[in-house]
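Chemist: 3D, please:
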Amino acid sequence: MPDTAISELVRMWINGWVVSRGASDPIEEPWGWTIDVGQPKQVARHVLPEPAEADVRKIVAATSAPGTWLKLFAEEQEVLPWAGPGWRSAVPGFLMTCDLVPESPEVPAGHTLTRWTRGDVSRVLVRTHEGHFAARGQIAHVGAHVVVDQVETADGHRRKGLGGLVMRTLQSTAYEAGARTGLLVGTPDGRALYASLGWTVHAPMTSLWYDRTGPRSDQDDSSSTSSVRAAANAVRPGPAGPPGSDM
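Modeler: Residues are numbered from 1 along each chain as shown. Here you go, the predicted structure:
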C-alpha cells in the first residue's frame, strides 16, 4: 500500500481504534485495511487512506452484507459518486493529531471526575454531584501514541467546559503513561473543541455504510455537485452529539 504521511497516520489511528473497541487486528489490503468489528450495525469496516475510484467501486460491487462500512480519507463530494445502491452517508470526520503535554484541568463546581485504566484503555467519566452522567471519553495506548475515542457530552451539560475537561484529562493521562502524540478522528462538532486544545487537522474522512434496504447514495453515477449534495442530505443520519470522536 502507499507509503505516505497520511497512510502512516491512518495506520496509527486504526491500531489504537481496534484496541479501544476490541475489534480484530487490521488485515492489510492493497488499498488499506479491513477490520472485523463484530457489531450488528457495524460488522466490518474497510479503511482506505488514499481512496482510488477503481478500488472503491470494486469493494462496493463485492459488498452484500448490511453493516459494512467504508472509511475513506477524502472529501465526500469526491468519493460519494463512486458508491452504488444502498450506500448511506454518515457524519464526516477529520483526522487530527496533537503533541501531548502534562495538564492539570480543574473540575467545574457541581461535578466529579473519575478516571481509570484497564489493560491498554484509559477512561474518564464526569458526573454531577447527584451522580448523573455528564461527559466521558477514552484513549487507547499504543506505544508512544494514543488514540482518543468515544468522547461524549450529555444533553443539558454542554457549553460547560466538560468536553475540554475530558480531553485535557485524557491527554494528561496519556502523557503520564509515556505517550507523546495523540490521534483521533473527530466530528464537525468536535473539530472546534479539538482545535482550541492544539489539535491539527491532516485529512477529511468520509464514512459510508451499506444498507440494502436504503436509498442510493448516488442516483445516477453522476459526479455533479447538485446530485451529490442532494443524495448526502437525503441519507445522512444526525451526529450522536458533540464534541464527538466516535468514528
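Chemist: just for this structure, where's the confidence low?
Modeler: 1-4, 214-246 (pLDDT under 70).
Chemist: and Glu152, what are its bridge partners?
Modeler: Legend: beta-bridge partners of Glu152 under DSSP bridges are Arg136, Pro243.
Chemist: that one reaches Gly137, doesn't it?
Modeler: Yes: with contact defined as Cβ atoms under 8 Å, Glu152 counts as touching Gly137 (7.1 Å). C-beta: built from backbone N, CA, C; applies to glycine.
Chemist: neighbour-wise, which of the two wins?
Modeler: Using other Cβ atoms under 10 Å as the criterion, Glu152 and Gly137 rank with Gly137 on top: 27 against 21.
Chemist: for the more buried one, give its distance to Glu8.
Modeler: According to Cβ to Cβ, to the nearest Å, Gly137 stands 24 Å off from Glu8.
Chemist: again, but for Asp155
Modeler: Asp155 is 37 Å from Glu8, by Cβ to Cβ.
Chemist: who has more neighbours out of these two?
Modeler: Higher neighbour count among Asp155 and Glu8: Glu8, with 12 against 6, using other Cβ under 10 Å.
Chemist: ok so that one is a helix residue?
Modeler: Yes: read with DSSP: H, G, I helix; E, B strand; the rest coil, Glu8 is one of the residues of a helix.
Chemist: mind checking how far it is from Met96?
Modeler: Taking Cβ to Cβ, one finds Glu8 at 15 Å from Met96.
Chemist: what comes into contact with the strand or helix carrying Trp17?
Modeler: Counting by DSSP states H and E, the element that carries Trp17 is helix 5-21. For helix 5-21, the surrounding residues in contact (Cβ atoms under 8 Å, 6 or more residues apart in numbering) are 1, 23-26, 32-33, 35, 37, 47, 49-50, 73, 95, 97, 120-121, 138-142, 145-147, 149-150, 181, 183-185, 202-203.
Chemist: could you point out which element follows that helix?
Modeler: Following helix 5-21 in sequence, per DSSP H and E, is strand 27-29.
Chemist: just how off-centre is that following strand within its chain?
Modeler: Centre-to-centre, strand 27-29 and its host chain are 19 Å apart (Cα atoms, centre = their mean, to the nearest Å).
Chemist: just checking, what packs against it?
Modeler: Strand 27-29 makes packing contacts with strand 32-39 when contacts are defined by 3 or more Cβ pairs under 8 Å, 6 or more residues apart in numbering; DSSP states H and E.
Chemist: quick check: closest non-adjacent residue to Pro40.
Modeler: Gly67 (6.5 Å; Cβ to Cβ, 6 or more residues apart in numbering).
Chemist: contact partners for the one you found?
Modeler: Counting by Cβ under 8 Å, 6+ apart, Gly67 makes contact with Gln39, Pro40, Lys41, Gln42, Val43, Ala44, Trp209, Tyr210.
Chemist: list only buried entries from those residues.
Modeler: Burial by neighbour count, 16 or more other Cβ atoms under 10 Å: within the contacts of Gly67 this picks out Gln42, Val43, Ala44, Trp209, Tyr210.
Chemist: what is the nearest of those to Trp116?
Modeler: Nearest to Trp116 out of those is Gln42 (Cβ to Cβ; 25.9 Å).
Chemist: and the closest residue to Leu48 other than its chain neighbours, what are its bridge partners?
Modeler: The shortest distance from Leu48 to any non-neighbouring residue, by Cβ to Cβ, 6+ apart, is to Gly32 (4.3 Å). Counting by DSSP bridges, Gly32 is bridged to Glu29.
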